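A.B. asks: structure of the sequence below:
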Amino acid sequence: MKALSALSTEVRQYLLVTGNYWAFTLTDGALRMLVVLHFHTLGYTPLQIAALFLFYEIFGVITNLVGGYLGARLGLNRTMNIGLGMQVLALLMLTVPAAWLTVPWVMGAQALSGIAKDLNKMSAKSSIKLLVPDSQQGTLYKWVAILTGSKNALKGVGFFLGGALLALLGFTMAVLAMAAALALIWIGSLLLLKKDLGKAKAKPKFRDILSKSRAINTLSAARLFLFGARDVWFVVALPVYLSSVFGWDFWLVGGFLAAWIIGYGIVQSFAPSITGKQRGHVPDGRASFTWAIALAGLPALIALGLSAGWSGQVVLLGGLMLFGVLFAVNSSLHSYLIVSYAKEDGVSLDVGFYYMSNALGRLLGTLLSGWVFQTYGLEACLWVSSGFVLAAALISIALPRHGDTTQQPS
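C.D. replies: Have a look, this model is predicted:
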């Protein structure tokens, strides 16, 4: 406690925001794996499973667009705490008797969870902009990378946790245990999070939810295709393929996807070092284009390897590992650029608009993941993924560029 009290107010708030984000992400990852695996065992088709997440993604799009406005008017502390509370309610909705778990009911619970997730994420990412001076762009990049990377590592732990809890406790008890744990985090956040965090000095008008910045609009379009490229094969197609084609059980599917997400998160945390921060480089649009091009051909190569009849486990799992490394760097670059581009007063407006595009990409990817996989197979999902990454790279050409920027002292 003495060590914590010796820290600056900004660092303590950063730790609290990060802790909230971690706890939420753990339940979010576990819930996704629980729903995919549980309803797959009940005989749902890949397209039906994808439909369960339809409202999750649709309401994520709406929440990011409106949530940035609410964060600027009400304060990021309130939007973060609203998100935590809504996730507790969404989890409790899934603890009803099995006969009540109809498709509309589960879609409703997922809609609530989608709203909660994006309120929480928008609040966390926006908060960092307010805790780091504009002159310290290298420090900002580092803090964003740590938050984003650690979140994704914990999402991977959540994937494993979801598979393990499903095997150990069953669906209902697993969800109830997560709801109880998150409720305790929520109460702590209500008591400790700074009251006026992120509240805009000038009250924004509702029309301000649409970004007027060319850089943010361009980055948002690239983000849409980048995350669509991941989710078109990762959300539904991959776990169902691992379970049905490779014959993996819940533990193995959850454990492998957890390890992938954890590794992906670790790479994100080290992205500043990978992209040249130690040499005084702060990334710009050129870096975003370069790393997207490096990723674009990989899913197509995996698809070609599978079509050629090579060892499915070697090609798919090896390719997935490399995809995780390259995708992590791309995602971390985007996460830094949006916080860097956003204006400080009412930062949540710009960040909310950007993550609206992120959610729209996930929605598109999720729907295509179920439909393309069910209709054409995993190889087709991979070809779509390559096309999406290429689109993200081409859009990134229009992002602002600068010369090498010397790192400001932290």
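
A.B. asks: against F159, how distant is L320?
C.D. replies: Distance of L320 to F159, given as CB to CB, to the nearest Å: 14 Å. Yep, even glycine has a C-beta here, placed from its N, CA and C like the rest.

A.B. asks: more crowded one of the two?
C.D. replies: Using other CB atoms under 10 Å as the criterion, L320 and F159 rank with F159 on top: 28 against 20.

A.B. asks: got a pLDDT number for that one?
C.D. replies: F159 is assigned 79 on the pLDDT scale.

A.B. asks: any idea which helix or strand carries S369?
C.D. replies: Assigned by DSSP states H and E, S369 belongs to helix 347-376.

A.B. asks: buried ones in that helix, by neighbour count?
C.D. replies: 347-374 (16 or more other CB atoms under 10 Å).

A.B. asks: likewise for stretch 314-329?
C.D. replies: For stretch 314-329, using 16+ other CB under 10 Å, the buried residues are 315-316, 319-320, 323-329.

A.B. asks: so which residues make contact with it?
C.D. replies: 149, 152, 226, 230, 238, 241, 256, 260, 263-265, 267-268, 271, 274-275, 291, 294-295, 298-299, 301-302, 305-306, 378 (CB atoms under 8 Å, 6 or more residues apart in numbering).

A.B. asks: quick one on the thing from earlier: inside helices: which ones of the buried residues of stretch 314-329?
C.D. replies: Those of the buried residues of stretch 314-329 mapping onto helices are 315-316, 319-320, 323-329, per DSSP state H.

A.B. asks: want to try TSV for those, with pLDDT as columns?
C.D. replies: Supplementary listing: those in TSV, determined by pLDDT from 0 to 100:
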residue	pLDDT
V315	93
L316	91
G319	92
L320	90
F323	93
G324	90
V325	91
L326	93
F327	92
A328	89
V329	90
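
A.B. asks: low-confidence stretches in the stretch 1-150 of the chain?
C.D. replies: 1-11, 13-14, 67-69, 71-73, 125-143, 148 (pLDDT under 70).

A.B. asks: one step back: out of the ones in helices among the buried residues of stretch 314-329, which is nearest to L74?
C.D. replies: A328 (32.5 Å; CB to CB).

A.B. asks: immediately after whatever helix or strand W251 lives in, which helix or strand?
C.D. replies: Secondary structure assigned from DSSP H and E places W251 in helix 250-269. As assigned by DSSP H and E, the chain's next helix or strand after helix 250-269 is helix 271-274.

A.B. asks: by contact count, what packs against that next one?
C.D. replies: Applying 3 or more CB pairs under 8 Å, 6 or more residues apart in numbering; DSSP states H and E, we find helix 271-274 packed against helix 137-169, helix 312-341.

A.B. asks: closest one to G43 among those helices?
C.D. replies: Judging the helices and strands packed on helix 271-274 by CB to CB, what sits closest to G43 is helix 137-169, at 16.1 Å.

A.B. asks: ok now that closest one, how far from the chain's centre?
C.D. replies: 9 Å (CA atoms, centre = their mean, to the nearest Å).

A.B. asks: what stretches of the stretch 201-350 of the chain score poorly on pLDDT?
C.D. replies: In the stretch 201-350 of the chain, residues with pLDDT under 70: 201-212, 276-282, 342-350.

A.B. asks: if you set the cut-off to 50 instead, what comes out?
C.D. replies: 345 (pLDDT under 50).

A.B. asks: ok so, going back, in TSV, list the helices and strands packed on helix 271-274 along with distance to A391.
C.D. replies: Formatted as TSV, the helices and strands packed on helix 271-274 follow (distance: least, CB to CB, whole Å):
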stretch	distance to A391
helix 137-169	22
helix 312-341	13
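
A.B. asks: so which of those helices comes closest to I58?
C.D. replies: That would be helix 137-169 among the helices and strands packed on helix 271-274, by CB to CB, at 20.5 Å.

A.B. asks: that closest one packs against which elements?
C.D. replies: When contacts are defined as 3+ CB pairs under 8 Å, 6+ apart, helix 137-169 packs onto helix 9-41, helix 103-131, helix 171-192, helix 250-269, helix 271-274, helix 312-341.
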